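Participant: Okay, here's the prediction I keep looking at, along with the sequence it came from:
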Amino acid sequence: MLLSPRLRRSALVLTAAAALALTGCASSPDATEPGSSAPSSTATEASGTCSYPADDRPAAKPADAPASESAETAEATATIATSVGDLAVTLDAAKTPCTVNSFLSLAEQGYFDGTTCHRLTTDGIFVLQCGDPSATGSGGPGYSFADELDGSETYEAGTLAMANAGPDTNGSQFFVVYADSQLPPKYTVFGHLDEASTATVAEVAAAGTESGGTDGAPKTPVDIESVTQG
């Protein structure tokens, strides 16, 4: 999840040119740190299982935590059906099995259905943030899970990544990068959109935000109708 109210409070060190943090209840990237961060702990334990402990925030929408064993171990495809068109994504379950496991579990439960992408940034970082049923930037599924990072992450156009509120605080919020963005490797990259889908999000961004500023709800609403695998 990209910038949320919670992340804004924790991003006081941002420069004026890059005062855009990608956060959520537990999910957002921070565009203010110019350097790289040390790789975070992985969500996959030595046993090969994933851990999704309950967090201290109630779920924004009822959801069950995923099974500890990831159903996917290689590439998987999914379609995010939205009010501006279908977004075709390829998920990298080989590199980020626990993240993909959570995303597909929430999708199967209909967690994303009827939700609105609540945040668009158009300066410094270029992302559309979604996955919060409350559309406040602070909602999540009631559980969290660890980052899956190796320190080599980049955020070029088409990247699909998790927003967070710090190390190992992933939940349901995610962001789509519609133009190359400079971010520290702190946000788990779990997939990519195809070229046409990235262009669709870029068209939304071209219309700007509701407020006319560089950070806010998109002027062209992006409502998620469903997320389906395959």
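Facilitator: Everything's here; your move.
Participant: Going by C-alpha atoms from here, please, whenever you check contacts or count neighbours.
Facilitator: Fine.
Participant: Nearest to the spatial middle of this protein, which residue is it?
Facilitator: Nearest to the geometric centre of the chain sits residue 174, at 1.3 Å (Cα atoms, centre = their mean).
Participant: how much space between it and residue 141?
Facilitator: Noted for residue 174: a distance of 12 Å to residue 141, by Cα to Cα, to the nearest Å.
Participant: got it, and residue 165?
Facilitator: Counting by Cα to Cα, the gap from residue 165 to residue 141 is 14 Å.
Participant: What of residue 216?
Facilitator: Residue 216 is 22 Å from residue 141, by Cα to Cα.
Participant: the more surrounded of these two?
Facilitator: Taking neighbours as other Cα atoms under 10 Å, residue 216 and residue 141 compare with residue 141 leading, 28 against 20.
Participant: Please list all residues in contact with that one.
Facilitator: 58-65, 171-172 (Cα atoms under 8 Å, 6 or more residues apart in numbering).
Participant: Can you give me the first-to-last residue distance of stretch 111-128?
Facilitator: In terms of Cα to Cα, the two terminal residues of stretch 111-128 are separated by 18 Å.
Participant: for stretch 203-223, that is, sorry about that
Facilitator: Stretch 203-223 has its terminal residues 15 Å apart, counting by Cα to Cα.
Participant: any idea of the mean pLDDT in that stretch?
Facilitator: Throughout stretch 203-223, pLDDT has a mean value of 98.
Participant: Quick check: buried residues in that stretch?
Facilitator: For stretch 203-223, a neighbour-count test (16 or more other Cα atoms under 10 Å) marks 204-205, 208-209, 214-223 as buried.
Participant: List of residues touching that stretch?
Facilitator: With Cα under 8 Å, 6+ apart, stretch 203-223 has contacts from 20, 82-84, 114-123, 128.
Participant: try stretch 91-110
Facilitator: Contacts for stretch 91-110 (Cα under 8 Å, 6+ apart): 43-44, 50, 63-66, 70-78, 112-113, 145, 148, 172, 188-192, 226-229.
Participant: Give me the distance from that stretch to the chain's centre.
Facilitator: Centre-to-centre, stretch 91-110 and its host chain are 12 Å apart (Cα atoms, centre = their mean, to the nearest Å).
Participant: Buried residues of it, list them for me.
Facilitator: 91-93, 95-107, 110.
Participant: ditto for stretch 114-131
Facilitator: Using 16+ other Cα under 10 Å, the residues of stretch 114-131 that count as buried are 115-122, 124-131.
Participant: Would you map the helices across this protein?
Facilitator: Here the chain has its helices, by DSSP state H, at 5-10, 97-108, 195-206.
Participant: lowest-confidence stretch among the ones you listed?
Facilitator: Ranked by mean pLDDT, those end with helix 5-10 at the bottom, a mean of 37.
Participant: isn't residue 138 right next to residue 132, touching?
Facilitator: Yes - Residue 138 lies in contact with residue 132 (Cα atoms under 8 Å); the separation is 7.2 Å.
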